[in-house]
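Trainee: I would like to see how this sequence folds:
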Amino acid sequence: MNILYVTEMVPFHCGNNEQVRAYYQIRALLEEGCTVDCIFFHENFIYVLSGMEVLCRSFNQKNIKIFTRQNINKNYFTSIIKGFPGSIAKFTAPELNDIIRDMLKKHPYDVIQIQSKIAHNLSVTDGYPKVVIDYIGSESLKLNRQLGNTNSVIKKYWLKEKVRRMTLHETRLGKIYPIGIVQSEKDRKQFHNHNTLKVIPNIKYFPPRLKRAVKKEALIFTGMMNKVENIEAAKRLVNHIFVPLKETYQSLECWIVGGEPSDEVLALNNIEGVSVTGSVEDLSQHIRNSSVYIAPQTFGNEAQQHLIEAATQVVPIILTEEMNSMIGFTHQKEALIAITDSDFKEKIKDVLEDSYLRNRLSRNAKKYIKQRHSNESVLRLLMHTYLSQHSDDETSLSIHSNLDEARKEVGK
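Mentor: All right, here's what the predicted structure looks like:
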């Protein structure tokens, strides 16, 4: 199967949720024997690379095609006037259509998979193969949650307008491209076209063995620390959960790990026992060395990848109901769900003091992730979504034949 994979940023295994999701999907598709070409936005440019070049991060070779985005500011404000939210408008690039059409003349792609924040650029799709929109998570759900946690009148008005614009964008896409994919069942239910969306979880490749842990009595929270949901969660964890616990557990530490920490997050470094690391080279090892992974966010849609990593590193997880909706753990089996700050404190005490509970939760969580997020299980769902796009039996048979031939070539 030939796939054109279009993303808002460079696919990268250490990036944000969108980047990590794209990276591992491309990797799994290539291992399946598919041909994958990739288009992605980076700063003021649009890059065209093969999927293998993306995985190898071969971005400076002479054969890579780079296109300069034209009239960026003009296109942004035009999209704002048309009713698009700012997070979508900043990716407006009419030239994307020309790039895709030129590629279609040279390559017989079976499917175009494109992330939802840049799908509005596909203004004319006559002659295109089937298009699959990856919404990843529901942005309107995230904004609604943020709205519910805001007391400022001015900010509420601003967020309501963002919700209106984002809902309109998601609804438009759903009407034009009825088939799409999302990362969780919770996200799927938020969309106008939810009946035609498929849940494709994020992929996790499991290392043959885990690195040796240097365990410390520490709570850890990870994520991009310039995002509103993570800023609020970090402040909540430190001020209302960790500081009271520190009175009982004097050696307890709290690690806030993630890139681009805001000034509010950096200020938490001044509290005894708190370490705001910024971006780290080996996130997995930081999680592995901790005692408990905490996900205290009350809104947001990027937690799934971090929860997967925590479970893979066999670290017990305590999280909010909102974050659990991204992953689907069973309370007291694979993780502990907490609602209030008091809930978090009590459950953290239980985990710190009960080694049997720690081991049971962490083992069950890793087993759960292996069953639902392995590259094999997720790839089956993704391939089924691609193949379901082809109503023509001959086309579907041809794709199956191409896949079989590709597998044989890989096996040589």
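Trainee: what about the helices in the stretch 1-150 of the chain?
Mentor: With helices called from DSSP state H, counting those that start in this stretch, the stretch 1-150 of the chain shows them at 17-32, 51-56, 72-81, 86-89, 95-106, 139-148.
Trainee: mean pLDDT lowest for which of the ones you listed?
Mentor: In terms of mean pLDDT, the lowest-scoring of the helices of the stretch 1-150 of the chain is helix 139-148 (a mean of 75).
Trainee: circling back: select, out of the helices of the stretch 1-150 of the chain, the one closest to His384.
Mentor: Judged by C-beta to C-beta, the one of these that comes nearest to His384 is helix 17-32, at 12.4 Å. C-betas here are computed from N, CA, C, even on glycine.
Trainee: Now do that closest one: which elements does it pack against?
Mentor: If you count contacts as 3 or more C-beta pairs under 8 Å, 6 or more residues apart in numbering; DSSP states H and E, helix 17-32 packs onto strand 2-7, strand 35-42, helix 51-56, strand 130-136, helix 304-312, helix 375-388, helix 393-411.
Trainee: what does it rub up against?
Mentor: 3, 5, 7-15, 36, 38, 51-52, 54-55, 115, 134, 136-137, 183, 202-205, 301-302, 304-305, 375, 378-379, 382-383, 403, 406-407, 410 (C-beta atoms under 8 Å, 6 or more residues apart in numbering).
Trainee: if we can go back for a sec, can you lay out the helices of the stretch 1-150 of the chain as TSV showing distance to Arg363?
Mentor: Conversion of these to TSV gives the following (distance: least, C-beta to C-beta, whole Å):
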stretch	distance to Arg363
helix 17-32	24
helix 51-56	31
helix 72-81	48
helix 86-89	39
helix 95-106	46
helix 139-148	31
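Trainee: returning to that earlier point: please type out the PyMOL selection for whichever of the contacts of helix 17-32 turn out to be buried.
Mentor: Selecting only the buried entries of the contacts of helix 17-32 in PyMOL, with 16 or more other C-beta atoms under 10 Å as the criterion:
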select buried, resi 3+5+7+8+9+10+11+12+15+36+38+51+54+55+115+134+136+137+183+202+203+204+301+302+304+305+375+378+379+382+383+403+406
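Trainee: List the buried residues for the host helix or strand of Pro244?
Mentor: In the assignment (DSSP states H and E), Pro244 maps to helix 243-246. Buried positions in helix 243-246, judged by neighbour count with 16+ other C-beta under 10 Å: 245-246.
Trainee: can you pull the alpha-carbon coordinates of it into PDB?
Mentor: Extracted in PDB, the C-alpha atoms of helix 243-246 (Å, rounded to 0.1, in the frame of the first residue of the first chain):
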ATOM      1  CA  VAL A 243       4.000  20.200  49.800                       C
ATOM      2  CA  PRO A 244       1.600  18.700  52.400                       C
ATOM      3  CA  LEU A 245       3.000  15.200  51.700                       C
ATOM      4  CA  LYS A 246       6.600  16.500  52.200                       C
END
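Trainee: correct me, but Gln113 touches Met1?
Mentor: No. Taking contacts as C-beta atoms under 8 Å, Gln113 lies outside contact range of Met1: 11.1 Å.
Trainee: from the chain's centre, how far out does the helix or strand Lys366 falls within sit?
Mentor: Per DSSP H and E, Lys366 falls inside helix 355-373. When C-alpha coordinates are averaged (C-alpha atoms, centre = their mean, to the nearest Å), helix 355-373 and its chain have centres 21 Å apart.
Trainee: Could you list the buried residues of that helix?
Mentor: 357-358, 361-362, 364-366, 368-369, 373.
Trainee: now stretch 338-345
Mentor: For stretch 338-345, by 16+ other C-beta under 10 Å, it's 338, 344-345.
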